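# dropping a prediction and its sequence here:
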2 protein chains.
Amino acid sequence: MSEIADTVGLRKSSLFHHFRTKAEMYAAVVNRILGEVELELTRSLAKGGTAVERLDRWVDALIDLMVRTPAHSRLMLRSLFEDDELSGALPEQREADERLERIILQARNVLRDGMAQGEIRAANIPHTIQSLIGITIYHFASGDLGNEIIGTSIFAPKEVERRKQEVKAFLHHGLVTNSATDEHR
Amino acid sequence: MSEIADTVGLRKSSLFHHFRTKAEMYAAVVNRILGEVELELTRSLAKGGTAVERLDRWVDALIDLMVRTPAHSRLMLRSLFEDDELSGALPEQREADERLERIILQARNVLRDGMAQGEIRAANIPHTIQSLIGITIYHFASGDLGNEIIGTSIFAPKEVERRKQEVKAFLHHGLVTNSATDEHR
DNA sequence: GCAAAGCTCGACCGATCGGTCGGTTGGCAA
DNA sequence: TTGCCAACCGACCGATCGGTCGAGCTTTGC
């Protein structure tokens, strides 16, 4: 809290004038970020097109969001997999949970539509959503390890563009070349 | 440290007889876990077969590891994306880093071999590794959110089996049905 | 049988943490 | 001009944190 106060040009005790507890402040930050995410992802889907086109735009939009403020991706991942240490029924936290639920529901719908139209393979939708999260958010939250694996900064514009292409190529083609060879056994 | 001491039937001060600092203990735990991971993943690759077969076994082995002790997946993800808060040049930490490097090198080699043989599409190898980590480790570290998305416990044996199949199907086929339709523009 | 080494513990420490409180300031409405 | 209130601050607090220390107990080696 002292560090935060310093960086915003206040003293610690002043922060407690705006947020009653640290947890409330944290929830407000997460909620605000999720608000941006919901807005942008909704926009990306609203432009219409086939399910695959919408999914591609969804991925691009999510990656753009992660890149816009690198710290956000870390915070997102943390808030996703850290079971709310305080599980508190804070209103901001409840609101954030609802936002997250709506975001996931939208992704679910895109996949469902695509499968109904035959554009998307009949995969298990919840698992696919988990995979999408893992592929997009984890990558930009992977910090030092990610930079080491990739070789340059994962946030370098050129590398971000490459990530977008690789993710979409992964979604479109998988990894294995000849899809016919694996259904043996 | 008190909680750890309680769960192992000691007092806090006794822990400091075995580990000089908390950071050293943490590094030792991570190192031990990475040791198991390295061992199992190396075994999964040593059995031979085509690159795709080895990759499939690698995924199965990694998922088995995440499931064996649920807490490990959380710890793994944390240790991966948290930039070593103490960056300390602790010997255990250095050793863990080297283990991680060898694990990643092995995955890199499988992908390289598969591409050389034409079994695997010519994708960007580092990005593909990041995707593999995201798909496997994130899922089992996703805690409450994961359970909510999936609908049941992500660690339920049936659900774990489904995850293995979904991940491998993803690797083999991607998501989009007709790979020919997307190379327009 | 005895000393050394290994292990455990309670008591204690300084630092830091989240948070409180009383009081000052500045702007604005009446 | 006055009164009010949001914003801000310094001083302070109890709790907890990681860690130390010396005194006992137990095991090992010879």
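That came through, no problem. These numbers come from a predicted model, not from an experiment.
# mind picking out the helix or strand in chain A with the poorest mean pLDDT?
Every helix and strand of chain A was ranked by mean pLDDT, DSSP states H and E. The lowest is helix A:70-81, at a mean of 89.
# so what does that one touch, helix or strand wise?
Applying 3 or more Cβ pairs under 8 Å, 6 or more residues apart in numbering or on different chains; DSSP states H and E, we find helix A:70-81 packed against helix A:22-46, helix A:51-68, helix A:139-141, helix B:70-81, helix B:143-150. C-beta coordinates here come from the backbone N, C-alpha and C atoms, glycine included.
# how far out from the middle of the chain is the third one?
Its chain's C-alpha centre lies 9 Å from the corresponding centre of helix A:139-141 when counted by Cα atoms, centre = their mean, to the nearest Å.
# could you do the longest one as well?
Remark: helix A:22-46 is offset 10 Å from the chain centroid, using Cα atoms, centre = their mean.
# can you list the residues of chain A near DNA strand D?
Residues of chain A lying close to DNA strand D (Cβ under 7 Å from any atom of the strand) are A:5, A:9-14, A:17-18.
# who does the helix or strand residue A:115 falls within touch, helix- and strand-wise?
Per DSSP states H and E, residue A:115 falls inside helix A:91-116. The contact analysis (3+ Cβ pairs under 8 Å, 6+ apart) places helix A:91-116 against helix A:22-46, helix A:51-68, helix A:125-133.
# got the angle for it vs helix A:70-81?
Put simply, helix A:91-116 runs at 90 degrees to helix A:70-81, going by axes from the mean of the first three to the mean of the last three Cα atoms, to 10 degrees.
# tilt between helix A:91-116 and helix A:125-133?
On the basis of the same axes, to 10 degrees, helix A:91-116 is oriented at 110 degrees to helix A:125-133.
# element containing the residue in chain A that DNA strand D sits nearest to?
Relative to DNA strand D, the nearest point of chain A is residue A:13 (2.7 Å; Cβ to the nearest atom of the strand). Following DSSP H and E, one finds residue A:13 within helix A:12-18.
# returning to what we had before: any chance of the helices and strands packed on helix A:70-81 in a markdown table, plus distance to residue A:152 and mean neighbour count?
Formatted as a markdown table, the helices and strands packed on helix A:70-81 follow (distance: least, Cβ to Cβ, whole Å; neighbours: other Cβ atoms under 10 Å in any protein chain shown):
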| stretch | distance to residue A:152 | mean neighbour count |
| --- | --- | --- |
| helix A:22-46 | 26 | 17 |
| helix A:51-68 | 14 | 20 |
| helix A:139-141 | 14 | 26 |
| helix B:70-81 | 18 | 20 |
| helix B:143-150 | 31 | 19 |
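# in a markdown table: those helices, plus distance to residue B:53.
Listed next are the helices and strands packed on helix A:70-81 as a markdown table, based on distance: least, Cβ to Cβ, whole Å:
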| stretch | distance to residue B:53 |
| --- | --- |
| helix A:22-46 | 37 |
| helix A:51-68 | 29 |
| helix A:139-141 | 26 |
| helix B:70-81 | 25 |
| helix B:143-150 | 27 |
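# sketch out the low-pLDDT regions of chain A for me.
A:84-88, A:175-185 (pLDDT under 70).
# who in it is up against DNA strand C?
By Cβ under 7 Å from any atom of the strand, the residues of chain A that approach DNA strand C are A:1-2, A:12-13, A:16, A:20-23.
# out of these, grab the one that's most surrounded.
In terms of neighbours by other Cβ atoms under 10 Å in any protein chain shown, these top out with residue A:23 at 17 neighbours.
# number of residues surrounding residue A:4?
A count of nearby residues for residue A:4, using other Cβ under 10 Å, gives 13.
# isn't it right next to residue A:14, touching?
No. Residue A:4 lies out of contact with residue A:14 (Cβ atoms under 8 Å); the separation is 10.6 Å.
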